[in-house]
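Chemist: From the sequence below, what's the structure:
(chains A and B)
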Amino acid sequence: MSDVYNFLIYRKKSNETESRYEKFEIPYRKGMTILEALFYIQDHLDSSLAFRYSCRGAICGSCGLTVNKVPQLACRTQVSSVKTAKKPVKLPEFNFGDHIGWNEDDEILIEPLPNMEVIQDLIVDMEPFWKFYKEVEPYFTREWKDTAPESHQSSEAAKSIETLVYCILCGLCWLCPVNAEKKYYLGPSALAKGYRFIADNRLSEEHRQEIKQIVWDEDGVPACEQFFVCNRVCPKGVKPGTAIKQIRDKWSTDE
Amino acid sequence: MKIEEFDIVIAGAGLSGLRAALELSDKYNVAVVSKVHPVRSHSGAAQGGINASLGNTEEGKEDSPEKHAYDTVKGSDYLADQDAVMYMCEEAPKIVIELESMGAPFSRLESGLIAQRPFGGAGFPRTCYAGDRTGHTLLHTMYEQCVHKNVQFFDEYFLIDLIKVDEQITGIIALNIGSGEIVTFRSGYIILATGGFGRTYRRSTNAIINTGDGVAAAFRAGIPMQDCEFVQFHPTTLYGTNILITEGARGEGGLLYNNNGERFMEDIAPKAKELAPRDIVARAIDTEVKEGRGFEEAYVHLDLTHLGADRIKERLPGIREISIQFAGVDPIEEPIPVQPGQHYSMGGVGTKYEGDFGETELLGLYAIGENACISVHGANRLGGNSLLETAVFGRYIGRLLLEKGLPNSPAITDLEQAEKDAFNEIEDLLKKWDSNNGKKPVEIRDAMGFILDSKVGVFRTEAELNEAYNLLCELQKEFENVYFPSKDKKFNFGLVRTFELRNMLDIAEVTAYAALWRKESRGAHSRIDFPERNDNEFLVHSMITRNDEGLNLETKPVKLGIFEVMERVY
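Modeler: Numbers count the residues shown, from 1 in each chain, chains lettered A, B, ... in the order given. Take a look at the predicted model:
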């Protein structure tokens, strides 16, 4: 185990169009995560390095970025295992700008999330992501009530949406090649969110139909080409691609 | 200087802030200002659940709001304000049913009702949950409703300071993190909902963003910090990263063992055992480790293996994931290494004795959620009561302000002058940091965390607290000369963290000061030199402000009268 790790990090100022790559040497501490390494840089080497963070426990979804060409959460990725970790198969290739001379054996490469506009360093513009999230109308529309009893749901029905509910909206699934090509593609997470509500048997039939219509728009489910790369990088096992397939299957039998 | 005007500004977009916004946004022009996108808030990290005496299980049939309130007051070591506790516990079943109606995906019983599990310090299975990711599901549900109701958000705006004219709040001054612009939000009502401040410690379960920005801003505006000596150490945080391992793991039957293979909780709390309240379990683990019965002189084992793979996968999937990913331990196969770590801030923004819940001495300024000291947790919070507090008092404050109507504004010239002064003060501070030649923020931050971990921890003594307080005063002086390049303010998170350090140093100093003053042991505050509770002198809240001479401590009576103050035995 080496005492120092070399990092090659994507840099870009918000007012510049050109990006560049910068090298940093990080003294290693047992158990160090990529997020901790980035903080080491911000604290000790270059205070201007910009990246998002919050919980450092893989529940808030802030710190998605690309490590050695694989989108992942910085907080959940051990520095020492980047090289040895099994890569998800058949990931698309991303190009963040002119290359760089990355020494793959010796350097950990840190880049922003793919298919989102870079604002500064590792910070991407999440606005389109949130816009498409909102577009699927991901909410209950029934009146709130606070008098007993609560509306019933079988344990099985509650469990059937459990993995969908665990989505942390981190945006890793936007690595999808369809996101790269189609600017208006709702994207895996928003479609999976749509399915989280469609599949919840407590939702009103009216709103279920509304969401179905939205996700079945040409920029929604039909645009999915079933690469399933989203499933392979999702840090929470949500399997957005499978959710999209379920909408497709369900809809086909309905028609 | 950019100025935004609103009827009400809510600082913080966790559960309490969102719930208040939902209540108020129909009628008023409301802005929710948050340094992170709402779903990144720390409410989402709560795992175990939310307490309500719904009585959905067979064992819980006899439960009631009064019994919930009694457990809460006893758990608080009688320092909680009993009227606020009673209100919260009466509201609890309603608020959980309301959350369900908003779409919260609670786990269910065979009957189809919301499932409830046992939690520490509770007489009945009272904790409603959604797997072991309850906070995450509630935060997302609440945010979904905010999207539905078109609540207005200002994401990635950092609250720097409050603006006031005489003793009336008139707004906040904030940093737009993305653009680097300093922005004034002018408003006659400010609701502080900025969460806890566990990051004053190094060993903490808290998100990196939990730095007490609202508490410190209110403190600088003259509002006392209340009960900051009461810091909850969660007994079971993952060794290494201190990520939370929910009390639900023990609620589901997890057992604690030392390096002799002994279940040490059997001796310490013969009845409640592993499900004794958090302060008691945390002290027990700390003692085992200090007396040489820990592993690697640092942790004990939390054993779930006897629960079997199915139950672990069904009830505690998040815990399994965390253990595998952050410690390389699969709890189906082997015990989880755990140690106590800072977890929750019982103290916070000081509230009025005679007033509405969450009301401060500054007209128009309210505080809710973890950053407030209302006080429903007193000296020790029970698991499952923090999510409850956020939703109950978020709704409460919303309804209260609807009832009150909007306040009259001070004279516009005074208001503008106050805004200008606040702006100039921040500009001066930034210039100073940029031209200083002292230490980097990280050195001061690390030192602060180390001091609190080692000298203001689970067990405390006069000598160590004195030392901690003096060292923290030294750090305050060093911070005066801190160097930070602040010219380029766009997405300058290093700058944000320097502002946060400014906040945390005040809180750390007050924490040590209050702990030094409280010469008794109560709840989470455990003094080796004063091992007994002393109701004659210390059944009071500590209220600390800063004046020209330094810190100034006053006391506030505890609201009693519903439950008799008794010895706390489990």
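
Chemist: distance of the residue located most distally from the centre of chain B from chain A?
Modeler: Largest separation from the mean C-alpha position in chain B: residue B:413, at 37.3 Å (C-alpha atoms, centre = their mean). Distance of residue B:413 to chain A, computed by C-beta to the nearest C-beta, to the nearest Å: 37 Å. C-beta: built from backbone N, CA, C; applies to glycine.

Chemist: Figure out the helix or strand that that residue lives in.
Modeler: helix B:412-435 (DSSP states H and E).

Chemist: what comes into contact with that helix?
Modeler: B:1, B:3, B:160-161, B:163-166, B:170-171, B:173, B:182, B:184, B:186, B:409, B:482-487, B:489, B:495, B:498 (C-beta atoms under 8 Å, 6 or more residues apart in numbering or on different chains).

Chemist: Just the buried ones out of those residues, please.
Modeler: B:160-161, B:163-165, B:170-171, B:173, B:182, B:184, B:186, B:482-484, B:486, B:489, B:495, B:498 (16 or more other C-beta atoms under 10 Å in any protein chain shown).

Chemist: Show me what the lowest-mean-pLDDT helix or strand in chain A is packed against.
Modeler: Every helix and strand of chain A was ranked by mean pLDDT, DSSP states H and E. The lowest is helix A:240-254, at a mean of 86. In terms of contacts (3 or more C-beta pairs under 8 Å, 6 or more residues apart in numbering or on different chains; DSSP states H and E), helix A:240-254 is packed against helix A:188-198, helix A:205-215, helix A:229-233.

Chemist: which strands and helices sit next to the shortest one?
Modeler: In other words, helix A:229-233. strand A:70-73, helix A:240-254.

Chemist: what's in contact with that helix?
Modeler: With C-beta under 8 Å, 6+ apart as the criterion, helix A:229-233 contacts A:70-72, A:88-92, A:172-173, A:175-177, A:188-189, A:239-242.

Chemist: Now, of those residues, which are buried?
Modeler: Buried subset of these (neighbour count, 16+ other C-beta under 10 Å): A:70-72, A:91, A:172-173, A:175-176, A:188-189, A:239-242.

Chemist: Looking at the residues you listed, which is nearest residue A:226?
Modeler: Set against residue A:226, the nearest of these by C-beta to C-beta is residue A:241 (6.7 Å).

Chemist: roughly how far apart are the closest one and residue A:189?
Modeler: Using C-beta to C-beta, to the nearest Å, one gets 11 Å for the distance from residue A:241 to residue A:189.

Chemist: Likewise for residue B:398?
Modeler: 30 Å.

Chemist: Where does the prediction get shaky in the stretch 1-150 of chain A?
Modeler: Applying pLDDT under 70 to the stretch 1-150 of chain A flags the ranges A:1-2, A:98-99.

Chemist: where do the strands sit along it?
Modeler: Ranges of strands in the stretch 1-150 of chain A, per DSSP state E, counting those that start in this stretch, are A:4-11, A:20-27, A:64-67, A:70-73, A:107-111, A:118-120, A:123-124.

Chemist: for the stretch 1-150 of chain B, same thing?
Modeler: Under DSSP E, counting those that start in this stretch, the stretch 1-150 of chain B gives strands at B:2-5, B:8-11, B:30-34, B:50-51, B:116-117, B:127-128.

Chemist: Mean neighbour count, the helices and strands packed on helix A:240-254: which tops it?
Modeler: helix A:188-198 (a mean of 27; mean count of other C-beta atoms under 10 Å in any protein chain shown).

Chemist: residues in contact with that helix?
Modeler: By C-beta under 8 Å, 6+ apart, helix A:188-198 touches A:129, A:132-133, A:135-140, A:161, A:164-165, A:167, A:169, A:171, A:173-174, A:176, A:186, A:203, A:207-208, A:211-212, A:214-215, A:220-221, A:224, A:230, A:238-241, A:243-244, A:246-247, A:250, B:103.

Chemist: could you check the angle helix A:205-215 makes with that helix?
Modeler: 160 degrees (axes from the mean of the first three to the mean of the last three C-alpha atoms, to 10 degrees).

Chemist: follow-up on the earlier one: what does the least confident helix or strand of chain A contact?
Modeler: Contacts of helix A:240-254 (C-beta under 8 Å, 6+ apart): A:164, A:167, A:173, A:188-189, A:191-192, A:194-196, A:198-199, A:212, A:215-216, A:221, A:224, A:226-231, A:234.

Chemist: try it again with 7 Å
Modeler: The contact list for helix A:240-254 (C-beta atoms under 7 Å, 6 or more residues apart in numbering or on different chains) reads A:164, A:173, A:188-189, A:191-192, A:195, A:198, A:212, A:215-216, A:221, A:224, A:226, A:228, A:230-231, A:234.

Chemist: Near residue B:129, how many other residues are there?
Modeler: Using other C-beta atoms under 10 Å in any protein chain shown, residue B:129 has 25 neighbouring residues.

Chemist: Sorry, wrong one. I was asking about residue A:28.
Modeler: 15.

Chemist: So it sits against residue A:7, correct?
Modeler: No - counting by C-beta atoms under 7 Å, residue A:28 stays clear of residue A:7, with 11.1 Å between them.

Chemist: For the lowest-mean-pLDDT helix or strand in chain B, list every residue counted as buried.
Modeler: Counting by mean pLDDT, DSSP H and E, chain B has its least confident helix or strand at helix B:317-327, which shows a mean of 90. Across helix B:317-327, burial judged by 16+ other C-beta under 10 Å covers B:317-323, B:325-327.

Chemist: In these, find the pair that's most separated.
Modeler: B:317 and B:327 (15.9 Å).

Chemist: thinking again about what came up before, also near chain A: which of the contacts of helix B:412-435, exactly?
Modeler: Residues of these in contact with chain A (C-beta under 7 Å from any C-beta of the partner chain): B:484-485.
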